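K.L.:
predicted model and sequence follow; I will ask about them next.
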Amino acid sequence: MYAAAVTLTVTVAQTLTFSVSTDQFATLTPGTYKIATSTLSVTTNNVAGWNVVLSGDDVTIPGGNTACDLDSDASTGITDQAQWVNGAATTTAGNAVVRASLDTSGQVLAFRVMSASSTNGTAFLATSWWGATDADGTAKYAGVASSTVGRQIGNAGTGSYSATAHLNTVQYYLDVAESQAQGAYSCPITYTATGN
């Protein structure tokens, strides 16, 4: 009698699905800020986790630091907070600031990753980047990075695998000066999700 052992091997391919849903700004009155949000949904089987990069299609740096263009005149923009520069690791602070420290008395476009409104996505939130809570005075904001230097806004590393969707909310803050030209503005931004 003879016996032989066979070992079967297989590799499961990485999958990642990503979608973004956005609530837009309401009509803005100069001197009174408005808030809008985008919800990021990531589902992946990658055990090493994933990261998301944010960049602005209309961000001009240097030369004005604007993230939005007036639809009828692309040379007129809305000032962007100082461009986001993430820390070398999610445990190292970036250059985000609390709302009271936003440039020109807060008359800018800025964003942050929220701690609330996260479902199965807390591994993605870097509190050293965005603050430990969403409370004013703790929550940190930054400007949108240009498309040539898109930067990570979060990184869910090893151990964050789950079969269900990870949801995280990005909040946008916007205020303008009385001198801001009236009209409709567009602020196109791009999110990119990548498996680690």
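P.N.:
On my side now, so go ahead. Numbering: from 1, shown residues only.
K.L.:
where are the low-confidence patches of this structure?
P.N.:
60-64, 121 (pLDDT under 70).
K.L.:
quick check: nearest residue in space to Pro30, chain neighbours excluded?
P.N.:
Glu178 (4.7 Å; Cβ to Cβ, 6 or more residues apart in numbering). From N, CA and C alone the C-beta is placed, and that goes for glycine too.
K.L.:
for the protein, just list every one of the helices.
P.N.:
Using DSSP state H, the helices of the chain run over residues 103-106, 127-130.
K.L.:
what distance separates the last one from the middle of the whole chain?
P.N.:
Computed by Cα atoms, centre = their mean, to the nearest Å, the separation of helix 127-130 from the middle of its chain amounts to 12 Å.
K.L.:
give the other helices and strands that it contacts.
P.N.:
For helix 127-130, the packing partners by 3 or more Cβ pairs under 8 Å, 6 or more residues apart in numbering; DSSP states H and E come out as strand 109-113.
K.L.:
show me what the strand it packs on is packed against.
P.N.:
Packing partners of strand 109-113 (3+ Cβ pairs under 8 Å, 6+ apart): helix 127-130, strand 140-141, strand 151-156, strand 162-174.
K.L.:
direction included, what does the second one pair up with?
P.N.:
Its sheet considered, strand 140-141 pairs with strand 97-98 (antiparallel) by DSSP bridges.
K.L.:
what comes into contact with the partner strand?
P.N.:
Residues from elsewhere that reach strand 97-98, judged by Cβ atoms under 8 Å, 6 or more residues apart in numbering: Gln81, Ala82, Gly131, Asp136, Gly137, Thr138, Ala139, Lys140, Tyr141, Ala142.
K.L.:
redo those as JSON lines? Include neighbour count and distance to Ser55.
P.N.:
Shown next, in JSON lines, are these (neighbours: other Cβ atoms under 10 Å; distance: Cβ to Cβ, whole Å):
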{"residue": "Gln81", "neighbour count": "25", "distance to Ser55": "15"}
{"residue": "Ala82", "neighbour count": "18", "distance to Ser55": "15"}
{"residue": "Gly131", "neighbour count": "23", "distance to Ser55": "22"}
{"residue": "Asp136", "neighbour count": "10", "distance to Ser55": "27"}
{"residue": "Gly137", "neighbour count": "9", "distance to Ser55": "28"}
{"residue": "Thr138", "neighbour count": "14", "distance to Ser55": "26"}
{"residue": "Ala139", "neighbour count": "20", "distance to Ser55": "22"}
{"residue": "Lys140", "neighbour count": "21", "distance to Ser55": "19"}
{"residue": "Tyr141", "neighbour count": "24", "distance to Ser55": "17"}
{"residue": "Ala142", "neighbour count": "26", "distance to Ser55": "13"}
